[in-house]
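Enquirer: curious how this folds, go ahead:
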Amino acid sequence: MRSEELSSLNEPVLDWPVPCDLADLDERYQRLYVRIAESDPALLAATLHDVAAQCRSGDPATIRVYAAGLLAADRPHQAVSVLHRLTETHPDDVPARVDLARADIAVGFLDDAAAQLTTAAGLAGELPGARHEIRRRIDGLAAWRRWMTLHLRFHELRVAAFRERAEAGSAGADPQAARAYSLLLLERNDEATAVLETARRAAPRHERTLELLTMAYLHAGRTEDWHRALRELEQVAPHSQVVELLGDQRDRDVEVFDRDQNDLLQVLTQRALSGDAEAIETLRGQCRRNPGDRTRANLLMFAEMAHGDLDAAVRLADQLAALDDPGHSLHYNMAQVYWRAGRLADARRQLDLADRTAADERDRVEAARLRASLEEKGCGA
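Expert: Numbers count the residues shown, from 1 in each chain. Presented below is the predicted three-dimensional model:
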């Protein structure tokens with residue numbers, strides 16, 4: 001094995017400070033950042049709200065500090081959105097682009113991160129020290145991506161090996177848990193969950209299976225299921241790290257998970273609707289890995305329509321229409337896709353269902369307004 005391959009076994013560390021140290025921030029900004037980073041968790045939302053209000057002045061340094069606070073508060077998706085808007089209004093702001101690259105990495109937008117750093121390097125032509133720092137980060141990101149490629153390939157091979165053992169009937173609880181762990185790392189959550197549920201039926205008191213199943217359910221947003229799995233784990237292994245992590249924070253962790261997922265989907269959707277090919281492909285990948293996730297399918301359907309791939313949007317609408325009780329929001333959105341595609345009977349049927357499944361008068365009014373708007377615009381408008 002070559003030395004480069006050996007070194008790849010140790011994950012490179014992307015230890016970049018945020019806000020980045022390419023621009024001197026005076027004491028006022030430093031105090032602002034410390035106020036966010038060291039805020040009591042119970043007061044964090046209020047603190048961030050106060051700092052967000054200060055950002056209305058448009059001061060780039062304040063906005064960067066706010067975004068850094070969002071990262072420190074484990075809200076990377078919001079940080080991406082904030083910094084993305086800042087670079088749109090201040091395209092020559094080198095530190096903002098470097099900070100956005102770090103936030104992009106935190107949410108998995110690696111191509112975007114590389115592009116931001118490359119742009120920042122070009123803008124930093126008159127700043128030799130800054131150019132060197134940016135180049136170091138570009139090289140660090142490239143090294144990390146090489147490591148990640150090998151890391152994921154290892155887990156793909158591991159999944160295949162454990163699958164063969166399972167098919168041969170020689171896989172016990174430990175190999176099944178190892179297989180599921182690799183599947184979770186590969187973001188194949190539905191497949192991992194299926195493996196873990198089968199393993200739990202065979203060995204209902206296997207600690208590692210219950211730990212991973214709890215996390216898989218949590219990742220999928222299946223609140224009742226992960227609560228149930230956690231209670232089973234508490235009975236089997238009360239000192240499990242997963243119990244210690246989640247046992248006293250059920251409600252809070254669900255809230256944090258939902259918030260982060262919503263933030264990420266919002267960012268992805270905004271980018272997809274603006275024609276960002278990577279964001280659309282990310283949504284497609286998430287839908288492939290989580291075929292039962294209605295929220296992602298709904299967002300992808302709209303993104304495909306906005307991006308001009310009406311056939312793909314209609315295929316998704318057909319899949320969603322076949323579900324039991326899709327709900328008001330999905331009926332409302334599918335109506336728009338069908339109408340755009342000229343399938344007026346399907347569109348009107350979805351509008352009827354949107355009206356029937358309305359939770360309140362507001363939903364009914366919105367459905368009526370959509371019907372009137374579509375009828376006025378005509379087919380394919």
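Enquirer: pull the contacting residues for R145.
Expert: L110 (Cβ atoms under 8 Å, 6 or more residues apart in numbering). Heads up, the C-betas are built off the backbone N, CA and C, glycines and all.
Enquirer: buried residues of the host helix or strand of it, list them for me.
Expert: Applying DSSP states H and E as the criterion places R145 in helix 128-167. Residues of helix 128-167 classed as buried: 130-131, 133-134, 137-138, 140-141, 143-144, 147, 155, 158-159, 162-163, 166 (neighbour count, 16 or more other Cβ atoms under 10 Å).
Enquirer: how about low-confidence regions in the stretch 1-150 of the chain?
Expert: Within the stretch 1-150 of the chain, the segments meeting pLDDT under 70 span 1-10, 15-28, 37, 39-44, 126-129.
Enquirer: typed the wrong thing, it's the stretch 201-350 of the chain
Expert: 247-276, 278, 289-291.
Enquirer: buried residues in the helix or strand hosting A297, which are they?
Expert: Assigned by DSSP H and E, A297 belongs to helix 294-307. For helix 294-307, burial by neighbour count (16+ other Cβ under 10 Å) applies to 295-307.
Enquirer: ok, A72 - how many residues close by?
Expert: The burial count assigned to A72 is 17, neighbours taken as other Cβ atoms under 10 Å.
Enquirer: quick one on the thing from earlier: what is the helix holding A297 packed up against?
Expert: helix 250-273, helix 277-289, helix 310-321, helix 328-340 (3 or more Cβ pairs under 8 Å, 6 or more residues apart in numbering; DSSP states H and E).
Enquirer: could you check the angle helix 277-289 makes with it?
Expert: 140 degrees (axes from the mean of the first three to the mean of the last three Cα atoms, to 10 degrees).
Enquirer: what angle do helix 294-307 and helix 328-340 make?
Expert: 30 degrees.
Enquirer: the residue lying closest to V314 once chain neighbours are set aside: neighbouring residues, count only.
Expert: Using Cβ to Cβ, 6 or more residues apart in numbering and skipping the chain neighbours, the partner closest in space to V314 is A341 (5.0 Å). Neighbour count for A341, taken as other Cβ under 10 Å: 18.
Enquirer: look up how far C287 lies from A341.
Expert: To C287, A341 is 19 Å away according to Cβ to Cβ, to the nearest Å.
Enquirer: again, but for A372
Expert: In terms of Cβ to Cβ, A372 sits 31 Å off from C287.
Enquirer: and A121, by the same measure?
Expert: Distance from A121 to C287, by Cβ to Cβ: 34 Å.
Enquirer: check V236 too.
Expert: Distance, V236 to C287, using Cβ to Cβ: 34 Å.
Enquirer: between those two, tell me which one has more neighbours.
Expert: C287 (20 against 15).
Enquirer: that one contacts T295, doesn't it?
Expert: No. Applying Cβ atoms under 8 Å as the test, C287 and T295 come out as separate, 10.0 Å apart.
Enquirer: what about stretch 165-174, start to end distance?
Expert: End-to-end distance for stretch 165-174: 12 Å, by Cα to Cα, to the nearest Å.
Enquirer: what residues does whichever strand or helix holds Y29 touch?
Expert: Assigning secondary structure by DSSP H and E places Y29 in helix 27-37. Contacts to helix 27-37, defined as Cβ under 8 Å, 6+ apart, come from residues 19, 25, 44, 47-48, 51, 54, 61-62, 65-66, 68-69, 72-73.
Enquirer: if we can go back for a sec, backbone torsions only: list them for the residue nearest to V314.
Expert: phi -80, psi 0 (degrees, to the nearest 10).
Enquirer: what sits closest to A192 if chain neighbours are left out?
Expert: L183 (3.6 Å).
Enquirer: what residues does the helix or strand hosting the one you found touch?
Expert: Element membership of L183, judged by DSSP H and E, is helix 173-185. Contact with helix 173-185 is made by 152, 155-156, 158-159, 162-163, 165-166, 171, 189, 191-192, 195-196, 198-199, 202-203, 206, 208-209, 212-213, 215-216, 219, as judged by Cβ under 8 Å, 6+ apart.
Enquirer: what about 7 Å?
Expert: 155, 158-159, 162-163, 165-166, 191-192, 195-196, 199, 202-203, 206, 208-209, 212, 216 (Cβ atoms under 7 Å, 6 or more residues apart in numbering).
Enquirer: show me what the helix or strand that that helix is followed by is packed against.
Expert: Using DSSP H and E, the helix or strand that directly follows helix 173-185 along the chain is helix 189-202. Packing partners of helix 189-202 (3 or more Cβ pairs under 7 Å, 6 or more residues apart in numbering; DSSP states H and E): helix 173-185, helix 207-219.
Enquirer: lovely, talk soon.
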